[in-house]
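**Student:** please find the sequence and the predicted model below.
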Amino acid sequence: MDLAAKKHVLRLFTYGLYAVSCADGGEVNAFTANWLTQVSFEPPLVAVSVENDSRSLPMILRSRTFVVNVLPSGARELAGKLGKSALRDPRKLEGVACHLGPGGCPILDEALGWLACEVRHTVPAGDSTVLVAEVVEAGVQREGSPLTMAETGFRHAG
């Protein structure tokens, strides 16, 4: 396989950039996710890919809940901050305006809207795990355009 071609083509895929938050045992965290999509209308299901070595994956697997925060256009700095490893930077949520939502998961005040999700299925996927979750609650906080990977200039493809 031409590895350069593979990387180039994968970087042509379009993605939104979201903040996924979780809570477990009084501990909270949030991370940026771009491999996230709706997969069903009825029931309303979304899928998100979470790295196996992340701090959040075991939290989500124990609690079976998470919140998807739709970041607004222009939120590159926030996305970058939340994209740092919580294992190396456990206080990355400090200074981020938020309130607790369903399951104790943070809802970012800056988010356009949010979806509270309950995990229904997990699928091993190489260095990540795909979580298929049902949307059980939702909120709109303000109007605007969502942040995209293309807007941030971030590059993520293997």
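**Tutor:** Looks like it came in fine.
**Student:** make it CA atoms for all contacts and neighbour counts henceforth
**Tutor:** Noted.
**Student:** so what touches the helix or strand of the chain with the lowest mean pLDDT?
**Tutor:** Within the chain, no helix or strand scores below helix 149-152, which has a mean of 80 by mean pLDDT, DSSP states H and E. Contact with helix 149-152 is made by 14-17, 34, 73, 76, 155, as judged by Cα atoms under 8 Å, 6 or more residues apart in numbering.
**Student:** in strands, which of those appear?
**Tutor:** Counting by DSSP state E, those place none of their members in strands.
**Student:** if any of these are buried, put those into a ChimeraX selection.
**Tutor:** The ChimeraX selection below is limited to those of these classed as buried (16 or more other Cα atoms under 10 Å):
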select :15,16,17,34,73,76
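**Student:** can you give me the helices in the protein?
**Tutor:** All helices of the chain, identified by DSSP state H, fall at 3-10, 56-63, 76-82, 149-152.
**Student:** circling back to that earlier point, pull the CA atoms of the least confident helix or strand of the chain into CSV?
**Tutor:** What follows is helix 149-152, C-alpha atoms only, in CSV (Å, rounded to 0.1, in the frame of the first residue of the first chain):
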residue,chain,number,x,y,z
MET,A,149,-11.5,19.7,11.5
ALA,A,150,-10.8,21.7,8.3
GLU,A,151,-11.4,25.0,10.1
THR,A,152,-8.9,24.1,12.9
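**Student:** off-centre distance for that helix?
**Tutor:** Put simply, helix 149-152 sits 15 Å off its chain's centre (Cα atoms, centre = their mean, to the nearest Å).
**Student:** quick one: buried residues of it?
**Tutor:** For helix 149-152, a neighbour-count test (16+ other Cα under 10 Å) marks 149, 152 as buried.
**Student:** so who does the closest residue to residue 74 other than its chain neighbours touch?
**Tutor:** Excluding the flanking residues, the one nearest residue 74 by Cα to Cα, 6 or more residues apart in numbering is residue 147, at 6.7 Å. Going by Cα under 8 Å, 6+ apart, residue 147 touches 16-18, 70-76.
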